[in-house]
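Undergrad: My questions are about this predicted structure, shown below with the sequence.
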Amino acid sequence: MIGRALIAEFEKLLGRDNVFADEADRHTYSYDAAVLDPVLPALVVRPTSSEGLGRSVRLCGENALPVTVRGAGTNLSGGTIPARGGVVIVTNGLNRILEINEADLYAVVEPGVVTARFAAAVESRGLFYPPDPGSQAVSTLGGNVAENAGGLRGLKYGVTGDYVLGLSFFDANGEIVKTGARTVKCVAGYNLAGLMVGSEGTLGVFDRIILKLIPIPAARKAMLAVFDDIAKACEAVSGIIADKIVPATLELMDNFTIRAVEDYGHAGLPVDAAALLLIEVDGHAAQVEEDASRVEAVCRGRGAMSLRVARTAAERDKVWEARRAALSALAKLKPTVVLEDATVPRSKIPAMMNSLEAIASRYRLTIGTFGHAGDGNLHPTILTDRRDRAEWSRVEAAIDAIFDEALKLGGTLSGEHGIGLAKSRFLEKETSRATILYSRRIKTALDPKNILNPGKIIGE
Ligand SMILES: Cc1cc2nc3c(=O)[nH]c(=O)nc-3n(C[C@H](O)[C@H](O)[C@H](O)COP(=O)(O)OP(=O)(O)OC[C@H]3O[C@@H](n4cnc5c(N)ncnc54)[C@H](O)[C@@H]3O)c2cc1C
């Protein structure tokens, strides 16, 4: 519960229209894209200025209220579930692109800017912001930085963190902290941005983000390779990487996902294929031609039945729209969809795919798999109904098995979706007890009252 006097204080600070105390409103902010139980926050506030954001954090700190910052709530690890109640701070009122600097190739943004809007604004100036999570049509840059989100182009261009030049953020007292700069190089002070990227709202609240931009590649070629055996597709992925070709994108879809996506979006995908690889190479025109023919040779050498090249931009867009629709297409099939994020060294993809098949049959579950195969980042997606208790316990056992397998193969619990609440109890398995304690000491030093997104990543 938050008293009337404190609510009035927030209203004075942010305006009555930006403070939500009604139960119905608060329900909207009680859950996110993870399959976890909702928790009702005591209050939801929506600052529209930097000052309002900082003073909101300060008010929470003074009153020892937990703070959960929320961009679009699309994270898949429970990062925006207000696990200890308190205040949800929504950032969609902080949605200004403050600067796009074409001479020095950077941009300054507020945290609530939607990723795709930013990418389009940058592209209209002939520049490129590569990180492109599948959720980019709604996700925010603040959420992307806090999760260190990846995307379809991670293989060649890296992830969000690779584009963060600098940050300013509010600490647990609502004081502004600055790190990094508008320059490509900056070693002034501790690398606090390195600590904040991927911190999932547990160490500070982003106010401004300085992002690196690059020139748009001059040419691109998208290809779709069709396989009658998923093992051959996986071997082609390893083959492309081993051949030292770096496509911008190298995505895998299994037959179950292909059918679901085709049913959903009618993009003309071959529904009888056991697996598809969606590949894009980009760069200088001559390099693109050479890379494309090497990719084709590897795919054919590994048994691709056919390889289709997108001839027009519209054809290319259709392929990528189809890929981006994978999760939505699968989500339509059953009431509950659990999207996992197991990531393995790329040479281990064939082994991981075999294990996923074995896990699906051992636990009698439907698992569709797609993902950023070029990064080793697979998204086994379990289709289920959480109300079916018996099945749900098999799902939980299968998730444990997927993590165990990924770790056994030298991989990680999360390639891009973060730890949040969902995977917090597994983190020690990947790291060590000392790692958790060390991280907790950092958290305690920076946030002694434990108000910033308590319970996430490292538990309590
Ligand atoms: C259909 C779909 C496809 C997806 N595809 C991808 C993908 O390809 N790659 C990928 O990496 N992820 C993907 N995701 C996951 C998700 O979209 C990303 O994690 C994204 O970065 C979350 O952005 P958001 O704005 O929704 O953040 P939220 O979900 O609102 O927040 C995420 C975390 O960031 C924190 N946070 C938000 N704003 C701030 C701030 N200003 N300061 C400090 N902390 C903050 C929150 O507290 C929370 O811990 C997908 C999700 C969906 C539903």
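TA: Structure's in. What do you need?

Undergrad: Backbone dihedrals for whatever residue of the stretch 151-300 of the chain ends up closest to the ligand, please?
TA: In the stretch 151-300 of the chain, the residue that lies nearest the ligand is residue 201 (2.7 Å; Cβ to the nearest ligand atom). For the C-beta atoms, the positions are set from N, CA and C on the backbone; glycine is no exception. Residue 201 adopts backbone torsions of phi 70, psi 10, taken as degrees, to the nearest 10.

Undergrad: How many neighbouring residues does it have?
TA: The local packing of residue 201 (other Cβ atoms under 10 Å) involves 27 other residues.

Undergrad: which ones are touching it?
TA: Taking Cβ atoms under 8 Å, 6 or more residues apart in numbering as the criterion, residue 201 is in contact with 67-69, 79-80, 146, 452-453, 456.

Undergrad: run the last query once more with 10 Å
TA: Counting by Cβ atoms under 10 Å, 6 or more residues apart in numbering, residue 201 touches 67-71, 75, 79-80, 89, 142-143, 146-147, 418, 420, 452-453, 456-457.

Undergrad: Among those, which ones lie close to the ligand?
TA: Contacts with the ligand within these, counted by Cβ under 6 Å from any ligand atom: 68-71, 75, 79-80, 142-143, 146-147, 453.

Undergrad: sorry, back to before: how about the contacts made by the closest residue in space to the residue of the stretch 151-300 of the chain closest to the ligand that isn't next to it in sequence?
TA: Computed as Cβ to Cβ, 6 or more residues apart in numbering, the closest residue to residue 201 that is not its neighbour in sequence is residue 453, at 4.0 Å. Listed by Cβ under 10 Å, 6+ apart, the contact set of residue 453 reads 66-69, 79-84, 86, 146, 199-203, 205, 420-421, 443, 447.

Undergrad: ok, now with 7 Å
TA: 67-68, 200-202 (Cβ atoms under 7 Å, 6 or more residues apart in numbering).

Undergrad: For the residue of the stretch 151-300 of the chain closest to the ligand, give its distance to residue 386.
TA: Look at residue 201 and residue 386: by Cβ to Cβ, to the nearest Å, they are 26 Å apart.

Undergrad: again with residue 404
TA: Distance from residue 404 to residue 386, counting by Cβ to Cβ: 22 Å.

Undergrad: before we move on, what SS does residue 371 have?
TA: At residue 371 the chain is in strand, as set by DSSP: H, G, I helix; E, B strand; the rest coil.

Undergrad: and what of residue 33?
TA: Three-state call for residue 33 (three-state DSSP): coil.

Undergrad: And it, its phi and psi?
TA: phi -80, psi 0.

Undergrad: pretty sure it contacts residue 78?
TA: No. Counting by Cβ atoms under 7 Å, residue 33 stays clear of residue 78, with 9.0 Å between them.

Undergrad: More neighbours: these two, which one.
TA: Neighbour count, other Cβ under 10 Å: between residue 33 and residue 78, residue 78 has more, with 25 against 21.

Undergrad: wouldn't that one be in contact with residue 35 here?
TA: No. Residue 78 is beyond contact range of residue 35, at 8.8 Å (criterion: Cβ under 7 Å).

Undergrad: List of residues touching stretch 394-401?
TA: 338, 340, 359, 363-365, 382, 384.

Undergrad: let's see it at 10 Å
TA: 35, 336, 338, 340, 342, 355-356, 358-360, 362-365, 367, 380, 382-386, 388, 422-423, 426, 429.

Undergrad: Could I get the full set of helices for the stretch 1-150 of the chain?
TA: Remark: helices assigned in the stretch 1-150 of the chain by DSSP state H, counting those that start in this stretch are 4-14, 23-27, 50-62, 115-123, 141-147.

Undergrad: So which elements touch the first one?
TA: So that's helix 4-14. With contacts defined as 3 or more Cβ pairs under 10 Å, 6 or more residues apart in numbering; DSSP states H and E, helix 4-14 has these neighbours: strand 19-20, strand 43-45, helix 50-62, strand 87-90.

Undergrad: which bits of the stretch 351-460 of the chain sit near the ligand?
TA: Residues of the stretch 351-460 of the chain lying near the ligand (Cβ under 6 Å from any ligand atom): 416-417, 453.

Undergrad: List the contacts of residue 96.
TA: Contact partners of residue 96, counting by Cβ under 10 Å, 6+ apart, are 48-50, 108-110, 112-113, 208.

Undergrad: Can you tell me how far it is from residue 318?
TA: 33 Å.

Undergrad: What distance do you get for the residue positioned nearest the centre of the chain to the ligand?
TA: Closest to where the C-alpha atoms of the chain average out (Cα atoms, centre = their mean) is residue 149, at 3.7 Å. Distance of residue 149 to the ligand, given as Cβ to the nearest ligand atom, to the nearest Å: 3 Å.

Undergrad: ok, and the closest non-adjacent residue to that residue?
TA: Excluding its sequence neighbours, the residue lying closest to residue 149 (Cβ to Cβ, 6+ apart) is residue 133, at 4.5 Å.

Undergrad: Next, the contact list for that neighbour, please.
TA: 74, 115-116, 139, 143-144, 147, 149-152, 154, 159-160, 324, 416-417.

Undergrad: Repeat that for residue 273.
TA: Residue 273 makes contact with 224-230, 233, 253-255, 258-259, 304-306, according to Cβ under 10 Å, 6+ apart.

Undergrad: Kindly recompute the last result at 8 Å.
TA: Counting by Cβ under 8 Å, 6+ apart, residue 273 has contacts 226-228, 255, 258, 305.

Undergrad: which among the residues you listed end up buried?
TA: Those of these that meet the buried threshold are 226-227, 255, 258, 305, by 16 or more other Cβ atoms under 10 Å.

Undergrad: Need the residues you listed in JSON lines (columns: distance to the ligand, secondary structure and pLDDT).
TA: Compiled in JSON lines, the buried ones among the contacts of residue 273 are given as follows (distance: Cβ to the nearest ligand atom, whole Å; DSSP: H, G, I helix; E, B strand; the rest coil; pLDDT from 0 to 100):
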{"residue": "226", "distance to the ligand": "23", "secondary structure": "strand", "pLDDT": "96"}
{"residue": "227", "distance to the ligand": "23", "secondary structure": "strand", "pLDDT": "97"}
{"residue": "255", "distance to the ligand": "21", "secondary structure": "helix", "pLDDT": "93"}
{"residue": "258", "distance to the ligand": "18", "secondary structure": "helix", "pLDDT": "94"}
{"residue": "305", "distance to the ligand": "27", "secondary structure": "coil", "pLDDT": "95"}
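
Undergrad: Can you list the neighbours in contact with stretch 16-33?
TA: By Cβ under 8 Å, 6+ apart, stretch 16-33 touches 2, 7, 10-11, 38-48, 52, 70, 73-76, 78-82, 88, 90, 93, 135.

Undergrad: Around the residue of the chain found nearest the ligand, how many other residues sit close by?
TA: Residue nearest to the ligand within the chain: residue 143 (2.1 Å; Cβ to the nearest ligand atom). Using other Cβ under 10 Å, residue 143 has 32 neighbouring residues.

Undergrad: That one against residue 75, yeah?
TA: Yes. At 6.5 Å, residue 143 counts as touching residue 75 under the criterion of Cβ atoms under 8 Å.
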